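*Asks:* attaching a predicted model along with its sequence, questions to come.
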Amino acid sequence: MAIVRNEFAFKEVFFKEGWIVFARTTKSEERIGNFLLRREVISEEALERFAFQAKKEGKKLGFFLVEKGFLSERELQEILEFQVKEILCDLFTWREGEFFFAEKEVGDEDVIVSYTPLDIALMAARRALDFSTFRKMVPHNRVIFRVSPHIERDKEKVMEKLDANEKFIFSLIDGTRNIDQLIRFSGNDEISVINILYRLVTMGLITKSKDIGVYEDQAYKEISGFLSTLVKIFESFVNAMETEIGVKAKELVEKAKGKLSLDYQKVFLNYPPKEGKRFESSTILRNISRYFPDPDKRFVFIDAFYELFTHLLDDMSRILGENWTKKVVQGLEAHRSEVHKAYPDSSHKRKLVSYLDKLMALYGG
């Protein structure tokens, strides 16, 4: 084990048979909890609660979250690998410090990665080499990327090697969407998407197209339109409840979210927004890009909202009465009509209309 330290931080790098297999740090920004927050996998309140429970049970936070079903094993592995890379690459930016070696047995459970010191040196060099060069290649967000021709046939195999965010962006690249459209579709911020594109380019998976412009994105139009409708309905329910029962409305929303299956809970992570903020679709789009990167799962939010609405309306009927709930549900007819007129026929449209019909029949009849 190598111990490296300076006046600001203390790091441990674990070796097994000459390979770097794990690393630890005292820098708070390189702790696993911080990476979970940065990826918006978990809220600060939930992180504090889980960290306390994990410490109480003598378990590592990441494995504790997998146990509780909050992370999959693959998601944890991706985060741990990223954490180790960040810890190690940061060492190459230190101008001074000291190090020494100590004997320490490393068990199989401690093996997270397998890198040679040269691997890490090259990794750090690639980072320095250099994001600004990529930005010169991509001077504005109207630039369009396409999948490299030699990758097209093995696209599915390539997808298996990417993390969830990379997989989602890679699946959107079709030679017609520009960077602005990728940002909107994914719900992520510009820097995150540019960084993902940078990684995909350096891996040779995508290339810059000669084409520059804006094409109408029909897939985004449908997904954002349906999501916008459901967000408006959700907001109308919450506003109506807040008028009647005040802060207790938030309790009912959290209770309804808690009844959802784990997958559907992921759709609503960090949603609805905190008090005073607008109900926007971008948070849900970001959750979909993170947890449901496969194209055939992009419309999972329709089922998630339907289940959330049924739990919410059940509680509304019980607490505020059936007549009051009927009046609130009457507003669904206008949304149903809008969806029916505005969008061409598709299986997703039929499902959404069907769910709205069911809610009106169950709670508005």
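*Replies:* All right, it came through fine.

*Asks:* alpha carbons only: can I get stretch 175-195 in CSV?
*Replies:* Extracted C-alpha coordinates of stretch 175-195, given in CSV (Å, rounded to 0.1, in the frame of the first residue of the first chain):
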residue,chain,number,x,y,z
GLY,A,175,-26.4,12.2,-37.4
THR,A,176,-29.2,14.7,-37.1
ARG,A,177,-29.3,15.8,-33.4
ASN,A,178,-27.0,18.7,-32.6
ILE,A,179,-25.5,19.3,-29.2
ASP,A,180,-28.3,21.6,-28.0
GLN,A,181,-30.8,18.9,-28.8
LEU,A,182,-28.8,16.3,-26.9
ILE,A,183,-28.7,18.6,-23.9
ARG,A,184,-32.5,19.1,-23.9
PHE,A,185,-33.3,15.4,-24.5
SER,A,186,-31.0,14.2,-21.7
GLY,A,187,-32.0,16.9,-19.2
ASN,A,188,-28.3,17.3,-18.3
ASP,A,189,-26.4,20.5,-18.2
GLU,A,190,-24.2,21.6,-21.1
ILE,A,191,-20.8,20.8,-19.4
SER,A,192,-21.9,17.2,-18.5
VAL,A,193,-23.0,16.5,-22.1
ILE,A,194,-19.9,18.1,-23.6
ASN,A,195,-17.8,16.0,-21.3
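
*Asks:* residues in contact with it?
*Replies:* With contact meaning C-beta atoms under 8 Å, 6 or more residues apart in numbering, stretch 175-195 is reached by 131, 134-135, 138, 141-147, 165, 168-169, 172-173, 197, 209, 211-215, 217, 219-220, 223-224, 281-289. For every residue, glycine as well, the C-beta is placed using N, CA and C.

*Asks:* let's go with 7 Å and repeat that
*Replies:* Here stretch 175-195 makes contact (C-beta atoms under 7 Å, 6 or more residues apart in numbering) with 141-144, 146, 168-169, 172, 209, 214-215, 217, 220, 282-283, 285-286, 289.

*Asks:* pull out the buried members of these.
*Replies:* Taking 16 or more other C-beta atoms under 10 Å as the criterion, what is buried in the contacts of stretch 175-195 is 143-144, 146, 168-169, 172, 217, 220, 282-283, 285-286, 289.

*Asks:* who does the longest helix seen in the chain touch, helix- and strand-wise?
*Replies:* Criterion DSSP state H: the longest helix present in the chain is helix 218-245. Here helix 218-245 touches helix 179-186, helix 248-258, helix 300-320, helix 332-342, helix 347-363, going by 3 or more C-beta pairs under 7 Å, 6 or more residues apart in numbering; DSSP states H and E.

*Asks:* so which of those is nearest residue 42?
*Replies:* Counting by C-beta to C-beta, residue 42 lies closest to helix 248-258 out of these; the figure is 14.2 Å.

*Asks:* so which bits of that closest one are buried?
*Replies:* Going by neighbour count (16+ other C-beta under 10 Å), the buried part of helix 248-258 is 249-250, 252-253, 256-257.

*Asks:* again with stretch 145-163
*Replies:* Buried, per 16+ other C-beta under 10 Å, within stretch 145-163: 145-147, 151, 158-159, 162-163.

*Asks:* got it, and stretch 203-216?
*Replies:* Result for stretch 203-216 [16+ other C-beta under 10 Å]: buried residues 205-207.

*Asks:* could those go into TSV alongside secondary structure, pLDDT and distance to residue 92?
*Replies:* Formatted as TSV, the buried residues of stretch 203-216 follow (DSSP: H, G, I helix; E, B strand; the rest coil; pLDDT from 0 to 100; distance: C-beta to C-beta, whole Å):
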residue	secondary structure	pLDDT	distance to residue 92
205	coil	85	25
206	strand	89	27
207	strand	88	29
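
*Asks:* tally of neighbours for residue 361?
*Replies:* Residues lying near residue 361 (other C-beta atoms under 10 Å) number 10.

*Asks:* what about it, distance to residue 229?
*Replies:* Distance, residue 361 to residue 229, using C-beta to C-beta, to the nearest Å: 18 Å.
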